[in-house]
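Novice: sequence and predicted structure, then a few things I'm wondering about:
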Amino acid sequence: MVSDKQWESREISLWVNNDEGLHELARQSESSNDFFDVLEMIGVYQIGGIKITPQNVKESWEDANDE
């Protein structure tokens, strides 16, 4: 069984890694917290209808930087 938080993290990761701009932002960020801060700075508070948090953007940053 997948928790809601795990599902949200995976969903955000799919959105980030399928969007060229978000994917590039994730790759250029020094950490997942930096990525979260950049998203907030440019006015991104939701991805795929899910409110972003430092915890749920961590997986997408890790996935983008695992290449």
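Specialist: Received it, and whenever you're ready, just let me know what you need. Numbering: from 1, shown residues only.
Novice: so who does the residue positioned nearest the centre of the chain touch?
Specialist: With distances taken as CA atoms, centre = their mean, residue 57 lies nearest the centre of the chain, 3.3 Å away. By CB atoms under 8 Å, 6 or more residues apart in numbering, the residues touching residue 57 are 9, 12, 16, 32, 35, 36, 39, 47. (C-beta placed from N, C-alpha, C; glycine too.)
Novice: over to residue 54?
Specialist: Applying CB under 8 Å, 6+ apart, we find residue 54 in contact with 32, 33, 36.
Novice: out of the contacts of residue 57, which are inside helices?
Specialist: 9, 12, 16, 32, 35, 36, 39 (DSSP state H).
Novice: what subset of these is buried?
Specialist: The neighbour-count test (16 or more other CB atoms under 10 Å) marks 9, 12, 16, 32, 35, 36, 39 as buried among the ones in helices among the contacts of residue 57.
Novice: from what I see, the fifth one and residue 27 are in contact.
Specialist: When you say that, I think you mean residue 35. No: the criterion here is CB atoms under 8 Å, and residue 35 misses it with residue 27 at 9.2 Å.
Novice: please tabulate the contacts of residue 57 in CSV, including the columns pLDDT and distance to residue 64.
Specialist: Shown next, in CSV, are those (pLDDT from 0 to 100; distance: CB to CB, whole Å):
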residue, pLDDT, distance to residue 64
9, 96, 13
12, 97, 11
16, 96, 6
32, 97, 10
35, 98, 8
36, 98, 13
39, 98, 13
47, 96, 13
